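**Student:** next one to model:
(2 chains)
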Amino acid sequence: DAKTTQPPSMDCAEGRAANLPCNHSTISGNEYVYWYRQIHSQGPQYIIHGLKNNETNEMASLIITEDRKSSTLILPHATLRDTAVYYCIVRVGEGGSEKLVFGKGTKLTVNP
Amino acid sequence: NAGVTQTPKFQVLKTGQSMTLQCAQDMNHEYMSWYRQDPGMGLRLIHYSVGAGITDQGEVPNGYNVSRSTTEDFPLRLLSAAPSQTSVYFCASSYNRGGTEAFFGQGTRLTVV
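**Tutor:** Model prediction:
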């Protein structure tokens, strides 16, 4: 079973920030938090990951609470093309693509 | 840079037929994996490989076979297709180190009738 809890769906207005929450209360000290998204049944796309510190890249920001039991993915200016299912995944640092356990994610709908 | 390439994109099989789903990556990644995705569900791991010549089972391996003779290729074989194997199949690859993103192919949509 996935070790994360996400709301099944969220809505956001185009141009506004989308804040997607994720609970991972059983996370271990060596587990990373990853975010992927899947647009309309395409292959999942990597967005961002972090261990302890907040992270930012050209796509999004990742805010991890100090106790690491929850995190928030922020899309600063959502567009219609950001409509997708967003997956929050925790996994141990070692290894690669086989360590991803996907839950049902959050269906984000960006409205015009 | 092609990334992860899956072929075919669509396939219809009859029950009992066998076939191979192809996956190739050009990023020299050590790790490769196969996932399946059923409607309304997340991806589930079928088989994975940590390098050429090394494979292991994932969460749902029954009815599937894999081999890894080269770093680039990781084919998935359906030995005797069943309707329960109707799904979308994704191949992924990544480097073998922590904090590494995985790259996914665009998927193969398989229907078994």
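**Student:** what's the least confident helix or strand in chain A, going by average pLDDT?
**Tutor:** strand A:84-92 (a mean of 89; mean pLDDT, DSSP states H and E).
**Student:** helix/strand/coil for A:Pro7?
**Tutor:** State at A:Pro7, reduced to three classes by DSSP: H, G, I helix; E, B strand; the rest coil: coil.
**Student:** that one: neighbour count?
**Tutor:** By the measure other Cβ atoms under 10 Å in any protein chain shown, the count of residues near A:Pro7 is 13. The C-beta positions use only the backbone N, C-alpha and C, and glycine is treated the same way.
**Student:** now the strands for chain A?
**Tutor:** A:9-13, A:18-23, A:31-38, A:45-50, A:55-56, A:61-64, A:70-75, A:84-92, A:106-111 (DSSP state E).
**Student:** one more: chain B?
**Tutor:** Using DSSP E, strands in chain B cover B:4-7, B:10-13, B:19-25, B:31-37, B:43-51, B:54-57, B:64-66, B:76-78, B:87-94, B:103-104, B:108-112.
**Student:** okay, now the unreliable bits of chain B?
**Tutor:** Residues of chain B meeting the criterion pLDDT under 70: B:1, B:97-99.
**Student:** which residues of it lie near chain A?
**Tutor:** Chain B comes close to chain A at residues B:4, B:29-33, B:35, B:37, B:40-45, B:48, B:50, B:56, B:58, B:88, B:90, B:92-107, as judged by Cβ under 8 Å from any Cβ of the partner chain.
**Student:** nearest residue to A:Val33 in space, please, no chain neighbours.
**Tutor:** Spatial nearest neighbour of A:Val33, chain neighbours left out: A:Ser71 (5.1 Å); criterion: Cβ to Cβ, 6 or more residues apart in numbering or on different chains.
**Student:** go ahead and confirm that neighbour touches A:Cys88.
**Tutor:** Yes - taking Cβ atoms under 8 Å as the definition, A:Ser71 is a contact partner of A:Cys88 at 6.9 Å.
**Student:** shared neighbours, those two?
**Tutor:** A:Cys22, A:His24, A:Val33 (Cβ atoms under 8 Å, 6 or more residues apart in numbering or on different chains).
**Student:** state the distance from the nearest residue to A:Ile63 once chain neighbours are set aside to chain B.
**Tutor:** Nearest residue to A:Ile63 in three dimensions, chain neighbours excluded: A:Thr72, at 4.6 Å (Cβ to Cβ, 6+ apart). Plainly put, A:Thr72 is 19 Å away from chain B if you go by Cβ to the nearest Cβ, to the nearest Å.
**Student:** one step back: any chance of the shared contacts of A:Ser71 and A:Cys88 in CSV, with pLDDT and neighbour count too?
**Tutor:** Formatted as CSV, those follow (pLDDT from 0 to 100; neighbours: other Cβ atoms under 10 Å in any protein chain shown):
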residue, pLDDT, neighbour count
A:Cys22, 96, 25
A:His24, 92, 22
A:Val33, 90, 24
